[in-house]
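Participant: The following block contains a protein sequence and its predicted model.
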Amino acid sequence: MKKILISTGGGDAPGLNAVIYAVVHACYRRGWEVYGSRSGYKGLLDTDELVRLGLEDVEDIYSTGGTILGSTNKGDPFATAIVNLAGEIQVVDVSDKILNNFKRMGFDCHIAIGGDGSLEIARRFAEKGMPVVGVPKTIDNDLEATDRTFGFDTAVSTATEALDKLHSTAKSHDRVMVVEVMGRDSGWIALYSGISGGADVILIPEIPFDMEKVCAKITNNELHEKDYAIVVVAEGAVALGGQVIDKGEGELGRSEVVLGGVGEWVASEVRLRTGKDTRSLVLGHLQRGGSPTTFDRLLAMRFGAAAVRLVEDGIFGHMVALASPHMCSVPLADAVKSRKKVDLKSDKVFTAREIGVCLGD
């Protein structure tokens, strides 16, 4: 009998529970035990955060959003912030303690579900000798090693539905509605939802945008008796000669950029340059919530089942990946070494241009 540990790390995404469901069922068929670690690696630091997972524990969870194990994007075991006896914040490496507990508890493999950050941590544990199998998760769909990641389709559906609803209110008031969606380095959500949701302008990180051209597209609408416009902007989009907007700029002790605010900035510039009544909306974490679409449920279950097959075959230090139409595995080191950007010569970009969408260039 094998003893499997499963964890979910990083930002949540629709489909996480479907992966857990598939892993537990696939392990049960093989007579293996499955344990879940709550909030990333907490279960390997505190046994109270470990939970035994049986079939009854995962019944019907494949259709629910979030993760029954909880998640965290601030739990790097190689750089954990603690408060010492003097009351000072100290950064320590607890990875050895985690690895020792993993071995002491008799686990045979750790199935780590996460995005690039969580998978990088998994890769480092693999280098230290932990048998690890990775499962890719990110609504941004920006992992180069897999054709798709679960959560992306649901996020796009959520954004598209929002755009559909905004058309009626924008048209009623002759307004420009600027919608900010997620997408730190890659504009997949903005591009897919923008095309599907009938946006006039789509701004993505891969194309620095010119506000003059954005405004020209909006005013040009009036020549065709369209007095409103829909603008979709990815949170990591940047204006020509500008830089990413950091809404947390100036905060003490902060080491990373906190994206957000580019939608409001674009709306303000459109208002100043065109005189149009303009509103901005940030979809934010709404894109991470809700029940996964059929596509994401199926993809997540395929990933979970494929991960268990890798464990059975003794293939560790790898991530399961979709190479349509098949499942395959790639080394974790290859999985996290590069981000998947929107190909500016792809058919989707050509389609956007052909139907008259302004991409800001």
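Facilitator: On my side now, so go ahead.
Participant: Give me the next element, helix or strand, following the longest helix seen in the chain.
Facilitator: When the chain is parsed with DSSP state H, its longest helix is helix 152-173. Sequence-wise, the next helix or strand downstream of helix 152-173 (DSSP states H and E) is strand 176-181.
Participant: who's in contact with that next one?
Facilitator: 155, 159, 162-163, 166, 169-170, 189-190, 193, 199, 218, 228-235, 260, 262-264, 266-267, 270-271, 274, 276-284, 287 (CB atoms under 8 Å, 6 or more residues apart in numbering). Where you see a C-beta, it was placed from the backbone N, CA and C, and this is true even at glycine.
Participant: Next, the angle from that strand to helix 152-173.
Facilitator: 170 degrees (axes from the mean of the first three to the mean of the last three CA atoms, to 10 degrees).
Participant: Tell me the helix or strand right after strand 176-181.
Facilitator: helix 188-196.
Participant: chain center to that next one: distance?
Facilitator: Mean-position distance between helix 188-196 and its chain equals 15 Å (CA atoms, centre = their mean, to the nearest Å).
Participant: same for that helix, what does it pack against?
Facilitator: helix 152-173, strand 176-181, strand 201-203, strand 229-234, helix 347-354 (3 or more CB pairs under 8 Å, 6 or more residues apart in numbering; DSSP states H and E).
Participant: buried residues in that helix?
Facilitator: Within helix 188-196, the residues scored as buried using 16 or more other CB atoms under 10 Å are 188-195.
Participant: again, but for stretch 216-235
Facilitator: Those would be 217-218, 221, 228-235, for stretch 216-235 by 16+ other CB under 10 Å.
Participant: Could you single out the nearest of those residues to Gly115?
Facilitator: Glu235 (15.3 Å; CB to CB).
Participant: That closest one contacts Ser186, correct?
Facilitator: No. Under the criterion of CB atoms under 8 Å, Glu235 is not in contact with Ser186, lying 10.9 Å apart.
Participant: Between the two, which contacts overlap?
Facilitator: Both Glu235 and Ser186 lack any common contact, where contact means CB under 8 Å, 6+ apart.
Participant: Would you mind getting the angle between the longest helix of the chain and strand 229-234?
Facilitator: 150 degrees.
Participant: helices or strands up against helix 152-173?
Facilitator: For helix 152-173, the elements it packs on are strand 176-181, helix 188-196, strand 229-234, helix 294-313, judged by 3+ CB pairs under 8 Å, 6+ apart.
Participant: The protein: strands as residue ranges?
Facilitator: 3-8, 33-37, 50-52, 80-83, 89-92, 109-114, 132-136, 176-181, 201-203, 229-234, 278-282, 318-323, 326-331 (DSSP state E).
Participant: what mean pLDDT does the second one have?
Facilitator: Taken as a whole, strand 33-37 carries a mean pLDDT of 96.
Participant: That strand: partners in the sheet, and parallel or antiparallel?
Facilitator: Applying DSSP bridges, strand 33-37 is found paired with strand 3-8 (parallel), strand 50-52 (antiparallel).
Participant: Deepest in the core, which of those strands is it.
Facilitator: Of the strands paired with strand 33-37, the one with the most neighbours on average (mean count of other CB atoms under 10 Å) is strand 3-8, at a mean of 24.
Participant: That strand vs helix 294-313, what angle?
Facilitator: Between the axes of strand 3-8 and helix 294-313, defined by the same axes, to 10 degrees, the angle is 150 degrees.
Participant: Now tell me which helix or strand of the chain has the poorest mean pLDDT.
Facilitator: Lowest on mean pLDDT, DSSP states H and E among the helices and strands of the chain sits strand 80-83, with a mean of 79.
Participant: Show me what that one is packed against.
Facilitator: Short answer (3+ CB pairs under 8 Å, 6+ apart): strand 80-83 packs on strand 89-92.
Participant: Adjacent strands (with direction) for the strand it packs on?
Facilitator: Per DSSP bridges, strand 89-92 is paired in its sheet with strand 80-83 (antiparallel).
Participant: Contacts for the strand it pairs with next, please.
Facilitator: So strand 80-83 is contacted by 89-94 (CB under 8 Å, 6+ apart).
Participant: most neighbours, which of the residues you listed?
Facilitator: Highest neighbour count within the contacts of strand 80-83, by other CB atoms under 10 Å: Val94, with 18 neighbours.
Participant: how close does that one get to Met105?
Facilitator: To Met105, Val94 is 16 Å away according to CB to CB, to the nearest Å.
Participant: and if you look at Leu50?
Facilitator: 8 Å.
Participant: Nearest spatial neighbour of Asp174, chain-adjacent residues omitted?
Facilitator: Asp227 (4.1 Å; CB to CB, 6 or more residues apart in numbering).
Participant: Sorry, slip of the keys, the one I care about is Ile230.
Facilitator: Spatially, and ignoring its direct neighbours in sequence, Ile230 is nearest to Ala199 (4.6 Å; CB to CB, 6+ apart).
Participant: burial measure for Asn84, as a count.
Facilitator: Neighbour tally, Asn84, other CB under 10 Å: 9.
Participant: If the closest residue to it other than its chain neighbours is in a bridge, with which residues?
Facilitator: Once flanking residues are discounted, Asn84 sits nearest to Gln90: 4.8 Å by CB to CB, 6+ apart. When assigned by DSSP bridges, Gln90 has beta-bridge partners Ile82.
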